[in-house]
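Trainee: missing the sequence, but the structure's below:
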């Protein structure tokens, strides 16, 4: 999402690093470029103005102008101010106090409330909570059915709602049912509209008064830019929101909503949706996003994603297989599945510090997640014997696999080639100190020194 902004800011900072000593004029010119980059990213004008003024005041101080690396000092200040703009610190849900805890989701139609409700339920379930999904959108019949399907897919109870019922009564009955079922967290999926109207806001206010939610989260589509910020402000005034969930953060929007919404509404971003899967809801960390925007990567989030999908026992078993040169196509497929769980390839690459600055990477096309899907389909179309011994894959077998996976023989050949190259690389690594075999490779002495 922030690719263009990151690229422009990196150019500004590259120029700053080139100066041996900064002057107020150098800083002013650099901040002018930063201002333009933020405005082009659809950040609120008043937010940009205040942000630039704050940086300017700090950047022209003696500690910057007289430091040994003034360019680095300015970058440090921009990073700190960016973290503050995004919220300053990670905000968590209020899950203590009166039980069951009620979390109410509000927002316009199409913002992703229903999917977010299920994602949040799965996330809380993984933390040991016992969530209960409440379909309170009786105006869109598909919303109730959708939440039932999603709830079943993640193993979370969904309250039986009907389109003929009153939303306030649905929520009241759900409170009683949750108490009987010993469920500790209610997640209410409320109705939305294409635009704000008085009837909708009145209904949401009634639910708030009757249920007394601990959290009222506004779900905003990050792709809508400043419109999302404007709508969030209106919801905040009517409902006294406690936080924001930004959906579709993996998209191609310019990122203005994410950079403006906290400053304009005074409410923190608590979660971000980063994909369509039920695992694609992340806790929002202002410092990590600021680092990614400035091209510094986000190693902590990358580690957390890896830890969430990697089975330690399977990892140990795989390590032993690699040592014994027993890494099969089935193992290859398992690794692909784990990568898919971590998010899109572009998103993962964006978390690796400095990767986007490498010349080799800049000239390469964007990674295509569909390639992983094709690769998995090809491996699935093989027999178990073929997956364990790829060398038996002759022309007729490869044609059968291509037909079975809906791909071409060339695609099958590419997968086999990638896999065989990986095997060769693993064998080479076994010979290096600290490699997978854990031993040192013996080096031959020149002929003249041999005994």
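Mentor: That came through fine. In this text, all values refer to a predicted model and were calculated from it rather than measured experimentally. Residues are numbered from 1 along each chain as shown.
Trainee: what residues go with each domain of this protein?
Mentor: 3-85, 101-296, 311-429 (automatic domain parsing).
Trainee: what's the neighbour count on residue 263?
Mentor: Here the neighbour count serves as a burial measure; for residue 263 (other C-beta atoms under 10 Å) it reads 19. Where you see a C-beta, it was placed from the backbone N, CA and C, and this is true even at glycine.
Trainee: which pLDDT value belongs to it?
Mentor: According to the model's per-residue confidence, residue 263 sits at a pLDDT of 88.
Trainee: from what I can see it touches residue 47, true?
Mentor: Yes - if you go by C-beta atoms under 8 Å, residue 263 and residue 47 touch, sitting 4.8 Å apart.
Trainee: any shared contact partners between these two?
Mentor: Common neighbours of residue 263 and residue 47, using C-beta atoms under 8 Å, 6 or more residues apart in numbering, are residue 85.
Trainee: so what's the backbone phi/psi at residue 133?
Mentor: Geometry field for residue 133 lists phi and psi as phi -90, psi 130, criterion degrees, to the nearest 10.
Trainee: re the thing from before, would you single out the least confident of the domains of the chain?
Mentor: Among these, domain 311-429 carries the lowest mean pLDDT, a mean of 77.
Trainee: and the helix or strand hosting residue 199, what does it pack against?
Mentor: Residue 199 belongs to helix 198-211 when elements are defined using DSSP states H and E. Of the remaining helices and strands, those touching helix 198-211 by 3 or more C-beta pairs under 8 Å, 6 or more residues apart in numbering; DSSP states H and E are strand 101-106, helix 167-181, strand 185-189, helix 226-239.
Trainee: partners of the helix or strand following it, with directions?
Mentor: Reading on from helix 198-211 to the C-terminus, the next helix or strand found by DSSP H and E is strand 215-221. Taking DSSP bridges as the criterion, strand 215-221 pairs within the sheet with strand 101-106 (parallel), strand 243-247 (parallel).
Trainee: my read is that residue 159 contacts residue 121, right?
Mentor: No - the pair residue 159 / residue 121 is not scored as a contact, 11.9 Å apart, by C-beta under 8 Å.
Trainee: give the residues shared as contacts by these two.
Mentor: In contact with both residue 159 and residue 121: residue 133, using C-beta under 8 Å, 6+ apart.
Trainee: about what we covered before: can you say which of the helices and strands packed on helix 198-211 is nearest to residue 333?
Mentor: Across the helices and strands packed on helix 198-211, residue 333 has its closest neighbour in strand 185-189 (34.1 Å, C-beta to C-beta).
Trainee: helix, strand, or coil at residue 295?
Mentor: Taken by DSSP: H, G, I helix; E, B strand; the rest coil, the conformation at residue 295 corresponds to coil.
Trainee: okay, now it: neighbour count?
Mentor: Residue 295 has 19 neighbouring residues, counting by other C-beta under 10 Å.
Trainee: residue 204 now?
Mentor: Based on other C-beta under 10 Å, the number of other residues close to residue 204 is 22.
Trainee: how far away is it from residue 238?
Mentor: Taking C-beta to C-beta, to the nearest Å as the measure, residue 204 and residue 238 are separated by 7 Å.
Trainee: distance of residue 212 from residue 91?
Mentor: 20 Å.
Trainee: equivalent analysis for residue 207, please.
Mentor: 23 Å.
Trainee: now do residue 327
Mentor: Residue 327 is 43 Å from residue 91, by C-beta to C-beta.
Trainee: circling back: residue 207 and residue 91: who's more crowded?
Mentor: It is residue 207, of residue 207 and residue 91, that has more neighbours when counted by other C-beta under 10 Å, with 25 against 20.
Trainee: wait, isn't that one in contact with residue 171?
Mentor: Yes - counting by C-beta under 8 Å, residue 207 sits close enough to residue 171 to count as a contact (5.5 Å).
Trainee: hang on, the earlier thing: and among the helices and strands packed on helix 198-211, the most buried is which?
Mentor: Compared across the helices and strands packed on helix 198-211, strand 185-189 shows the largest average neighbour count, a mean of 27 (mean count of other C-beta atoms under 10 Å).
Trainee: quick one: it to chain centroid distance?
Mentor: 22 Å (C-alpha atoms, centre = their mean, to the nearest Å).
Trainee: tell me which strands it pairs with, and in which orientation.
Mentor: Note on strand 185-189: by DSSP bridges, its sheet partners are strand 101-106 (parallel), strand 131-135 (parallel).
Trainee: relative to residue 294, which of these is closest?
Mentor: When the strands paired with strand 185-189 are compared (using C-beta to C-beta), the closest one is strand 101-106, at 31.4 Å.
Trainee: which residues touch the closest one?
Mentor: Under the criterion C-beta under 8 Å, 6+ apart, external residues in contact with strand 101-106 comprise 93-95, 113, 116-117, 120, 175, 184-190, 192, 204, 207-208, 211-219, 235, 239, 241, 245.
Trainee: one more time with 6 Å
Mentor: Applying C-beta atoms under 6 Å, 6 or more residues apart in numbering, the contact partners of strand 101-106 are 95, 113, 117, 185-190, 204, 211, 213-219, 235.
Trainee: just checking, what packs against the helix or strand following that strand?
Mentor: On the C-terminal side of strand 101-106, the nearest following helix or strand under DSSP H and E is helix 113-126. Contact analysis of helix 113-126 by 3 or more C-beta pairs under 6 Å, 6 or more residues apart in numbering; DSSP states H and E lists strand 131-135, helix 141-154, strand 185-189 as its packing neighbours.
Trainee: report the buried residues of stretch 186-204.
Mentor: Buried residues in stretch 186-204, defined by neighbour count with 16 or more other C-beta atoms under 10 Å: 186, 187, 188, 189, 190, 191, 192, 200, 201, 203, 204.
Trainee: end to end, how far does that stretch reach?
Mentor: Distance across stretch 186-204, first residue to last, is 16 Å (C-alpha to C-alpha, to the nearest Å).
Trainee: do stretch 181-197 as well
Mentor: Stretch 181-197 stretches 36 Å from its first residue to its last (C-alpha to C-alpha).
Trainee: now do the buried residues in the helix or strand that residue 421 is a member of.
Mentor: Counting by DSSP H and E, the element that carries residue 421 is helix 409-429. Neighbour-count burial for helix 409-429, counted by 16+ other C-beta under 10 Å, picks out 411, 412, 414, 415, 416, 419, 423, 426.
Trainee: from these, pick the one nearest residue 279.
Mentor: Closest approach to residue 279 among those (C-beta to C-beta): residue 415, at 25.3 Å.
Trainee: quick check: that closest one touching residue 374?
Mentor: No - assessed by C-beta atoms under 6 Å, residue 415 is found out of contact with residue 374, at 8.0 Å.
Trainee: so residue 340 is in which element?
Mentor: Here residue 340 is covered by helix 329-342, with elements defined by DSSP H and E.
Trainee: list the helices and strands that helix packs on?
Mentor: Taking 3+ C-beta pairs under 6 Å, 6+ apart as contact, the helices and strands that helix 329-342 lies on are helix 299-309, helix 369-380.
Trainee: since that was my last question, I'll sign off now.
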